[in-house]
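Trainee: fold the following and give me the result.
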Amino acid sequence: MVSLEPQQSTLGAHCDAKGKVWSIFRLFHTEQGYAMFQPQSAIVQELAELKKYAVFSKVEFTQSDKACFGVLGEQASAWVEQHFPAGGDVRQHNGSTAVRVSENRWFVLADAELISALQSQDSLTWVQEALWTKFDIEQGLPTLTDAMQSQHIPQAFNLQALDGISFSKGCYTGQETVARAKYRGINKRMLATLKGTLPAPVANGDEIVIERSVGENWRKAGDVLATFQYDDNTLLASIIVNNNLDQDVEFRLSSQPESRLSLALPPYPLDEE
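Mentor: You can find the predicted model right below:
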């Protein structure tokens, strides 16, 4: 917190005492203080745990009522420059905050006035939230919802490679497990991407279970965090898998045994800190 500059954002994780992750968030400054951007479904437990610390400090934790939208495409940075003239990867203007996620991709924590003004502009193209998920998967960025809370340590989400873990910070909840995973090399999982064209589309709301080949058998490959489906039935999946798998291992959707998915490593070195 104290090292985060006003024009920077950082990924981070909130862990339980065993080092298992309650939430993965992007932390940044706002005009009122700090914000932790994360999937809404994870906030219920996250907020309850954070509020335990509020009684010891002059701080208040609340769930923001501001809307959030993404800005994507080749003109994304130009649009941000127009509406948020201050420089940097985090920008404040008239009660709203713009945060750079990657090249040509920003999200905006917006006040009601900005939302109202944008909804009346015919020049903007509004798309489904699924497109944002697609870029998260392709860029190897983790998404944690309530279904995956308290299941994995931060390294399973590749946070050590995304500057989401500090190994020089003082004591924090779950630190012993997180540090042991680094210095004793006991972490056996990573976040990766699977891709393949399915024989049939997956219906919205269907549980997606992915299996990997083990000899002549098939076993559950890992926990699926997010998926995106193209119109031609090509599926992208963000999944936590063992980090010692061969590149040519085969995967399939359990509900479509004839399907095949291929493994792609994240677009960054996993051992970077």
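Trainee: double-check that residue 246 belongs to a helix.
Mentor: No. Under the criterion used here (DSSP: H, G, I helix; E, B strand; the rest coil), residue 246 is coil, not part of a helix.
Trainee: can you map out the helices along the stretch 1-150 of the chain?
Mentor: Using DSSP state H, counting those that start in this stretch, the helices of the stretch 1-150 of the chain run over 43-54, 76-83, 112-119, 130-138.
Trainee: repeat for the stretch 151-273 of the chain
Mentor: 175-183.
Trainee: low-confidence ranges, the stretch 151-273 of the chain, go.
Mentor: The stretch 151-273 of the chain contains residues with pLDDT under 70 at 272-273.
Trainee: ok, back up a step: and among the helices of the stretch 1-150 of the chain, the most buried is which?
Mentor: Mean neighbours per residue, mean count of other CB atoms under 10 Å, is largest over the helices of the stretch 1-150 of the chain for helix 130-138, with a mean of 17. For glycine as for every other residue, the C-beta is placed from the backbone atoms N, C-alpha and C.
Trainee: packing partners of it?
Mentor: Packed against helix 130-138, as judged by 3 or more CB pairs under 8 Å, 6 or more residues apart in numbering; DSSP states H and E, are the following elements: strand 67-72, strand 223-229, strand 234-242.
Trainee: mind doing that once more with 10 Å?
Mentor: With contacts defined as 3 or more CB pairs under 10 Å, 6 or more residues apart in numbering; DSSP states H and E, the packing partners of helix 130-138 are strand 67-72, strand 96-102, strand 105-110, strand 189-197, strand 223-229, strand 234-242.
Trainee: what are the buried residues along the second one?
Mentor: Of the residues in strand 96-102, those with enough neighbours to count as buried (16 or more other CB atoms under 10 Å) are 96-101.
Trainee: any idea of the mean pLDDT for that strand?
Mentor: What strand 96-102 shows for mean pLDDT is 97.
Trainee: compute the inter-axis angle for that strand and helix 112-119.
Mentor: 60 degrees (axes from the mean of the first three to the mean of the last three CA atoms, to 10 degrees).
Trainee: and strand 96-102, how far from the chain's centre?
Mentor: Averaging C-alpha positions (CA atoms, centre = their mean, to the nearest Å) puts strand 96-102 14 Å from its chain's average.
Trainee: sheet partners, orientation included, of that strand?
Mentor: strand 90-93 (antiparallel), strand 105-110 (antiparallel) (DSSP bridges).
Trainee: how close does residue 167 sit to residue 70?
Mentor: Separation of residue 167 from residue 70 (CB to CB, to the nearest Å): 31 Å.
Trainee: ramachandran angles for the residue of the chain positioned farthest from its centre?
Mentor: Most distant from the centre of the chain: residue 216, at 34.1 Å, with distances by CA atoms, centre = their mean. Per-residue torsions, residue 216: phi -100, psi 0 (degrees, to the nearest 10).
Trainee: skip the chain neighbours and tell me the closest residue to residue 265.
Mentor: In this structure, residue 265 finds its nearest non-sequential neighbour in residue 192, 6.0 Å apart by CB to CB, 6 or more residues apart in numbering.
Trainee: thanks a lot, catch you later.
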